[in-house]
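**Q** Pasting a predicted model and its sequence here:
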Amino acid sequence: MIQKIALKKGFDSIQEYWSPKIAGELNSQYVKLAKLKGEFVWHKHDDEDEMFLVIEGHLEILLRDKTIVLEAGEFVVIPKGVEHKPLANEEVKVLLFEPKSTLNTGDTKSDLTKDHLDWIDNT
């Protein structure tokens, strides 16, 4: 079924940080919404690139050799195999494009790992 997605409503429905929700599907990928705050874990994705699009807030992506700073309206693609660690000192709202198989913590298991993602209720 074709339907529009209201980003504000989607983000308003997210209660937990670092817990992406599926907003849609596109060519074997999920479009995900997430709220981030605090530090994530160092990790990498061996088989998938990962795209972070900041909708609201200020996000830092720590790499082993530099830090990428993203503001609202900016995005970065982290290539597969590159270790990274997102950091959000204040709440950040992001939209992610990832293959369906992408685990949020990549090759690192932690209490932030989400093995199952819920869909955002857009009704």
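**A** Thanks, I have it.
**Q** what's in contact with the helix or strand where A88 lies?
**A** For A88, the host element (DSSP states H and E) is strand 84-99. The contact list for strand 84-99 (CB atoms under 8 Å, 6 or more residues apart in numbering) reads 7, 11, 17, 20, 23, 26, 28-44, 47-48, 50-63, 78. Every C-beta, even on glycine, is put in place using the N, C-alpha and C of the backbone.
**Q** for stretch 55-75, same thing?
**A** Residues from elsewhere that reach stretch 55-75 (CB under 8 Å, 6+ apart): 7, 11, 36, 42, 51-54, 76, 78, 82-95.
**Q** how about a cut-off of 7 Å?
**A** Residues from elsewhere that reach stretch 55-75, judged by CB atoms under 7 Å, 6 or more residues apart in numbering: 7, 36, 51-54, 76, 78, 82-88, 90-95.
**Q** Tell me the buried residues within those.
**A** Restricting the contacts of stretch 55-75 to buried positions leaves 36, 52-54, 78, 83-88, 92-95, with burial counted as 16 or more other CB atoms under 10 Å.
**Q** ok so, going back, in strands, which of the contacts of strand 84-99 fall?
**A** Per DSSP state E, strands hold the following members of these: 23, 26, 29-39, 50-56, 58-63, 78.
**Q** Can you find the helix or strand of the chain with the lowest average pLDDT?
**A** strand 21-26 (a mean of 90; mean pLDDT, DSSP states H and E).
**Q** Can you show me the CA trace of it as CSV?
**A** Written as CSV, here are the backbone C-alpha positions of strand 21-26 (Å, rounded to 0.1, in the frame of the first residue of the first chain):
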residue,chain,number,x,y,z
LYS,A,21,12.0,2.0,14.0
ILE,A,22,11.1,1.1,10.4
ALA,A,23,9.2,3.7,8.5
GLY,A,24,9.3,2.2,5.1
GLU,A,25,10.9,-0.2,2.6
LEU,A,26,12.8,0.8,-0.5
